[in-house]
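> Kindly return the folded structure for what I paste below:
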Amino acid sequence: MRSLALVMSHANRSMGGATRELHFCAALRGLGVDARIWRMHPGAETEREEMLGVPLSFCPVDAPEAVPHHLLSAALRDEIAAFAPDAVLYKGLSYRINAFVQAARPAGARYGLIVGGAVTDPLVEGAAAILGEYREQLARHFRPALQDGRAMVLPKYIDLALAGDGVPPKRAEFDIVNVGTFAEKRKNQAALLPFAAHRRLAFVGGGPLLADAQRAVRMAGHAANVTFFRRLPHAEVFAVLRRARVMVHSSLGDGLPRATIEAMACGLPVVALRDTIEGGIPPTAGLLVSEDGLPHAVELLLADDGLRVQMGRAARKHVERHHGPAAIAAAAEQALALLSR
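Residues are numbered from 1 along each chain as shown. Next comes the predicted model:
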C-alpha cells in the first residue's frame, strides 16, 4: 500500500478529538505511505492545513441542515476519487458519507473501518481491516473479522506528560470524577447524583442537560459537594482528573471513551458499566459492574485506600504499555500489513 485516505466521518472543522488519527497517519507516512485526512465541515469552501506532517482537507457539506449521520459532501467524494488511494479508512460507522465515498471508487477498492462500541455499518462485511477499541469488543460485535484475521486494536492517544507521574493521590479534592457531555440521557450522569449526599463529585462536560443536573443537585441540598466544570480545554481535564480518587463512567451506551484511559493514566481506577464497556479496562485497574452494582463498587474503592492505590498504579502501567504514540506507531505497521494483503 502506497497511499491511504482517512475519512473522519463526523463533520467538524476541528481535529481536536482526532489526535490519535493524526499520529496514526503520521506513523504511516514515516513508513512511506502517502496518508492524508479528509473531513466534512459546515463552511462554504474547502480548507486545507497540515498537522504532524499530515495533509488535511476540510470539505463543505452539501446540505448542512441534515442530521449529522446523513451529511454528505460531493467535494470530499470527488477529491478522494481524484487522489485514487490504494485504501480508504473510514472513522465512524453508520455515517452515509462512508458508502457515498466508497461507491465512487472502483469496484472492489480496498477499505477499512475504525469502529467504536457496537455500532455497525453496511461496509463492515467487505472491510479489509477493522480497527477496534479492545479485543472483547471485536470478539462480540465484529467476530467474523476477528476470526478472519482482519481485526486489530487501535490504541488511544494519551499524553503522559499531561497525565503527570500517575501516582494515585492519597488525598484528593474530589472522591468521584466523571467526564462526558450532558447532551443525552444515555450518558447517565444522574446515576451519580445520589453520591453527592456524602461524597465530593466533579463533572467535566457541558450540554443542554447540564442545567437539569445542576437543578437536581441544588434541590437535594448537595450543591456544596458537587463541582460542575462544564467543558474544559483538554489540558485542564487532566488537571481535574489528578485531583480525584476514582473515575466513574456511568454511560449506558458508549464505546471506550478516551477520558477513561486518561483517568487511568493519571492513576485513577475506573468503575464502568459492563453492559457499556466489555473490556479494555483490566480487572487489576478497574471494575466493570452491573448498573445495580455500581454504588457498591464505587464505595468499595473509596473505603479501601490500599486497594484504590494498588489499582491506580496498575491502571497507569496498563496505559504505558498499551496506549500512546509508541503503541499507535506499532498499530500503524499492523494496519499497513492488513490493508496490503
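> Show me what the top helix by length along the chain is packed up against.
In the chain, taking DSSP state H as the definition, the longest helix is helix 305-322. Under the contact definition 3 or more CB pairs under 8 Å, 6 or more residues apart in numbering; DSSP states H and E, helix 305-322 sits against helix 160-163, helix 258-265, helix 294-303. C-betas here are computed from N, CA, C, even on glycine.
> what does the average pLDDT come to for it?
Averaging pLDDT along helix 305-322 gives 96.
> Same check on stretch 327-341?
96.
> Quick one: distance of that stretch to the chain centre.
In terms of CA atoms, centre = their mean, to the nearest Å, the centre of stretch 327-341 is found 19 Å from the chain centre.
> Repeat that for stretch 281-299.
When C-alpha coordinates are averaged (CA atoms, centre = their mean), stretch 281-299 and its chain have centres 20 Å apart.
> how far does it stretch from start to finish?
Stretch 281-299 has its terminal residues 19 Å apart, counting by CA to CA, to the nearest Å.
> In that stretch, which residues are buried?
Ile281, Pro282, Ala285, Gly286, Leu287, Leu288, Val289, Leu294, Pro295, Ala297, Val298 (16 or more other CB atoms under 10 Å).
> Report the two of these separated the most.
Greatest spacing in the buried residues of stretch 281-299, by CB to CB: Pro282 and Pro295 (22.4 Å).
> right, and Val42 touches Pro60 too?
Not quite, residue 42 is Pro, not Val. Yes: applying CB atoms under 8 Å as the test, Pro42 and Pro60 come out as touching, 7.5 Å apart.
> Give me the more crowded residue out of those two.
Shown here are Pro42 and Pro60; by other CB atoms under 10 Å, Pro60 has more neighbours (18 against 12).
> quick one: the more buried one from Leu71, how far?
Pro60 sits 10 Å away from Leu71, taking CB to CB, to the nearest Å as the criterion.
> which residues are common contacts for these two?
Shared contacts of Pro60 and Leu71 (CB atoms under 8 Å, 6 or more residues apart in numbering): Met40.
> quick one: the strands in the stretch 1-150 of the chain?
3-8, 34-41, 47-51, 54-60, 87-91, 110-114, 129-132 (DSSP state E, counting those that start in this stretch).
> Tell me the buried residues in the fourth one?
Neighbour-count burial for strand 54-60, counted by 16+ other CB under 10 Å, picks out Val54, Leu56, Ser57, Phe58, Cys59, Pro60.
> those helices in the stretch 101-250 of the chain, which residues are they?
For the stretch 101-250 of the chain, the helices defined by DSSP state H, counting those that start in this stretch occupy 135-141, 143-147, 160-163, 210-220, 234-241.
> quick one on the thing from earlier: tilt between the longest helix of the chain and helix 258-265?
110 degrees (axes from the mean of the first three to the mean of the last three CA atoms, to 10 degrees).
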